[in-house]
Each structure stands twice: as C-alpha cells, then as structure tokens.
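Enquirer: model this:
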Amino acid sequence: MALEDGQRVKLAADLRLTGSLTLTGDSPAAEHAVAGSLSLAAGTEGTVERVAEHPREPSQEVREYERLKSLLDDFGPQMPPGSRRQLEEQVGSLEAEWIAHQEHANRVTVRVRLDNGFVLDDVHEDLFTSR
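Expert: Residues are numbered from 1 along each chain as shown. Predicted coordinates for the structure are as follows:
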C-alpha cells in the first residue's frame with residue numbers, strides 16, 4: 001500500500017516501543033538517561049505527515065551484475081564468441097540477485113502524528129493501514 005501525506009491511517013498491529021528516552025528542551029532532567037516502555041494498540045489512528053523513500057544499497061552481487069551487464073551491452077558484439085559466452089553466463093548467474101534488488105529497491109518510511117499526540121517517525125509504512 002502506498003501512503004500519502006495527509007492520509008488518515010491506523011496501526012495495523014499492537015506496537016511496543018522500548019529503550020532510552022531523550023527529553024527535549026532546557027529541562028534540568030534532560031541530562032539524565034531515562035528508560036521506558038510505551039504500548040500502542042492496533043487501530044490507533046493518526047495522520048501521515050511525511051512519506052520518505054530510501055534507496056537500498058546494492059549488494060556486491062548487484063554491483064557486479066551491473067558492471068558485467070554494461071560490459072556485455074557495450075562490447076559484447078565485438079567480443080570473441082567464447083569470451084562473450086563466458087560473460088553471458090556470469091551475467092546470467094547474477095540475474096536472480098538483480099531481480100530481487102529491483103523488486104525491493106526502496107524502503108518506504110513514514111512520519112505519523114497519532115490522534116493521542118504521539119508521533120512515530122521513520123517507521124516502515126507496513127505498520128499502518130488506511131482508515
């Protein structure tokens with residue numbers, strides 16, 4: 001599902017956040033580490049404030065596929081048949097990695113302001129369903 005700015009959404013599952021908390025502002029307590037836990041129930045509603053796509057870093061295999069495929073496309077017709085065949089086999093052996101990378105090339109995160117005042121930022125879009 002592709003979320004958009006301004007869209008109303010709700011949490012798809014119960015969510016538990018744990019870890020250290022940072023106080024903002026000039027509070028004297030801001031110097032002390034605070035540990036805590038927060039649970040949000042599935043169905044908690046909010047509004048999408050921002051959608052961000054993050055390109056995934058290609059693996060070594062994907063980079064090698066791109067390099068070899070470029071070589072094959074640019075120089076394949078001029079190569080001796082044996083060398084071209086070997087290059088085609090190398091490209092073919094890396095094609096599955098390339099296809100998987102293309103299918104999952106971007107990671108989409110969102111910033112959602114929940115109706116209860118909490119803000120979830122940089123969380124995967126799959127945590128939410130449209131309302």
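Enquirer: can we go C-alpha only for contacts and neighbour counts from here?
Expert: OK.
Enquirer: wasn't A100 part of a strand?
Expert: No: counting by DSSP: H, G, I helix; E, B strand; the rest coil, A100 is not found in a strand; it is helix.
Enquirer: after whichever strand or helix holds T18, next one along is what?
Expert: T18 is part of strand 15-21, with elements assigned from DSSP states H and E. Later in the chain than strand 15-21, the nearest helix or strand by DSSP H and E is strand 34-40.
Enquirer: in that next one, what counts as buried?
Expert: Going by neighbour count (16 or more other CA atoms under 10 Å), nothing in strand 34-40 comes out as buried.
Enquirer: partners of it, with directions?
Expert: Strand pairing for strand 34-40, determined by DSSP bridges: strand 15-21 (antiparallel).
Enquirer: and the partner strand, what's its mean pLDDT?
Expert: Confidence over strand 15-21 (mean pLDDT, whole number) is 81.
Enquirer: what do you get for stretch 106-123?
Expert: 92.
Enquirer: where does this protein have low pLDDT?
Expert: Scanning the chain for pLDDT under 70 picks out 1, 21-35, 105.
Enquirer: would you map the strands across it?
Expert: Using DSSP state E, the strands of the chain run over 8-11, 15-21, 34-40, 45-55, 106-114, 119-124, 128-130.
Enquirer: find the residue at the geometric middle of the chain.
Expert: Geometric centre of the chain, nearest residue: R107, 2.0 Å, by CA atoms, centre = their mean.
Enquirer: okay, that one and H101: tell me how far apart.
Expert: 11 Å (CA to CA, to the nearest Å).
Enquirer: what's around L68, how many residues?
Expert: Counted with other CA atoms under 10 Å, the neighbours of L68 add up to 17.
Enquirer: over to the residue lying farthest from the centre of the chain: give its phi and psi.
Expert: Ranked by distance from the centre of the chain (CA atoms, centre = their mean), the top residue is P80, with 42.1 Å. Main-chain torsions, P80, degrees, to the nearest 10: phi -60, psi 150.
Enquirer: that's all I had, so thanks and see you.
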